[in-house]
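In: got a sequence here, can you build the structure:
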Amino acid sequence: MPSPFPGMDPYIEQSKIWRDFHNDLAAEMRARLNEKIQPKYFARLEGYITYEVVTLEQTSLERKAPEVTIWQNMAREAVAEYTAVTPLLVESEVEFKLPLELLHIEIFKVGNESVVTVIEILSPVNKQPSHKACADYLEKRRDVLDSHAHFVEIDLLRAGTRPPLAKPVPPAPYYIMLSRATRRPFVQVWCIQLADKLPVLPIPLTYPDSDVELDMGAIVASVYERGAYGAQIDYREPVPPPRLAEQEETFVNELLKEHRKGN
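Out: Below is the predicted model:
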């Protein structure tokens, strides 16, 4: 079952789904690139292990029945009787760190295996300034932008703090940035609204080879269906945080009106 959204589906941002979606998206992009760039180039998944902090709210409460306790004051030879209520027993969970593998794609030239293009797909931890993975990513981003490799940054997450750009761009829930090594410091930015289709990206190689096209809409649709996300998402529920803008909320409610009736 395909997603009801024309481009990126905001319900995929649920943490239980995003972890699966992120790495499958990287794998699908790698596969489609390798169909187009051989025999002179090849694409490979690279990654590192970080962690995700999981915090759960209280899950259940239990209150035991009152107990009657008798205390005897030996000095006064009197008995005081009262009801002692057992303290409320609460079941909760502490924060814990869940290992998280973050994958990205690198395109290499066959022979010397020099890095031609780096493609990053942002994960929630990359957009949390308090998380070590955010600082690590920004440092790596600077290193790539200082290198001779092209750089593509894909942000399909509405939540979090976006990596900086020197010049502001129009607000949008999703962004894709392309930095060609030959045109720095200038970059191209796709500002993608909820109602927009995802773009066909030009992926640069080395001169004189032409760009190859990467159809992000087709790729995301394929990953959505292969991951059976339609069976996991309840579209009757609100869109995951952050809260939608008024215009976005109107669009989503209208888009899902028939879908919600059928469920």
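
In: what residues sit buried inside the lengthiest helix in the chain?
Out: When the chain is parsed with DSSP state H, its longest helix is helix 15-37. Going by neighbour count (16 or more other CB atoms under 10 Å), the buried part of helix 15-37 is 17-19, 21-26, 28-30, 32-33, 37. Using the backbone N, CA and C atoms, a C-beta is placed for each residue, glycine as well.

In: where's the dip in pLDDT among the residues you listed?
Out: Minimum pLDDT across these is recorded for residue 19, with 89.

In: hang on, that one packs against residue 100?
Out: Yes: if you go by CB atoms under 8 Å, residue 19 and residue 100 touch, sitting 7.0 Å apart.

In: which ones are touching residue 212?
Out: Residues near residue 212 by CB atoms under 8 Å, 6 or more residues apart in numbering: 33, 36-37, 202-203, 205.

In: looking at these, which is nearest residue 141?
Out: Nearest to residue 141 among the contacts of residue 212, counting by CB to CB, is residue 203 at 17.8 Å.

In: the strands in the stretch 151-263 of the chain, which residues?
Out: 174-179, 188-192, 200-203, 212-215 (DSSP state E, counting those that start in this stretch).

In: how about residues contacting the longest helix of the chain?
Out: For helix 15-37, using CB under 8 Å, 6+ apart, the contacting residues are 11-12, 42-45, 52, 100-105, 107, 119, 121, 123-124, 157, 203, 205, 212-215, 219-220, 222-224, 226-227, 229, 232-233.

In: next one: stretch 140-147
Out: Residues from elsewhere that reach stretch 140-147 (CB under 8 Å, 6+ apart): 115, 118, 120, 151, 153, 163, 179, 181, 184.

In: so residue 166 touches residue 185, yeah?
Out: Yes: using CB under 8 Å, residue 166 is in contact with residue 185, at 6.8 Å.

In: next one: phi and psi at residue 128?
Out: Phi and psi for residue 128, reported as degrees, to the nearest 10, are phi -110, psi 100.

In: what's near enough to touch the nearest residue to it once chain neighbours are set aside?
Out: Among residues not flanking residue 128 along the chain, residue 134 sits closest, at 5.4 Å (CB to CB, 6 or more residues apart in numbering). Neighbouring residues of residue 134 by CB under 8 Å, 6+ apart: 125-128, 161.

In: out of those residues, who's nearest residue 6?
Out: residue 127 (23.9 Å).

In: what about residue 129, how many neighbours?
Out: By other CB atoms under 10 Å, 9 other residues sit near residue 129.

In: thinking again about what came up before, closest one to residue 139 out of the contacts of residue 212, please.
Out: Among the contacts of residue 212, residue 203 lies closest to residue 139 (CB to CB), at 23.8 Å.

In: ok, back up a step: you'd agree the residue nearest to residue 128 is in a strand?
Out: No: applying DSSP: H, G, I helix; E, B strand; the rest coil, one finds residue 134 to be helix, outside a strand.

In: so what pLDDT did it get?
Out: For residue 134, the predicted pLDDT is 94.

In: likewise the one 3 residues further on?
Out: If you check residue 137, the pLDDT there is 95.

In: just the buried subset of the contacts of helix 15-37, written out for ChimeraX, thanks.
Out: Buried members of those, defined by 16+ other CB under 10 Å, are picked up in ChimeraX with:
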select :11,12,42,43,52,100,102,103,104,105,107,119,121,123,124,157,203,205,212,214,219,220,222,223,224,227,229,233
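
In: so which of the contacts of helix 15-37 sit within helices?
Out: In this view, the contacts of helix 15-37 that belong to helices under DSSP H are 219-220, 222-224, 226, 229, 232.

In: now do the residue nearest to residue 128 against residue 162, distance only.
Out: Per CB to CB, to the nearest Å, residue 134 is found 11 Å from residue 162.

In: do you know how far residue 184 is from residue 177?
Out: 12 Å.

In: ok, residue 42 next?
Out: In terms of CB to CB, residue 42 sits 24 Å off from residue 177.

In: go on, residue 100?
Out: 23 Å.
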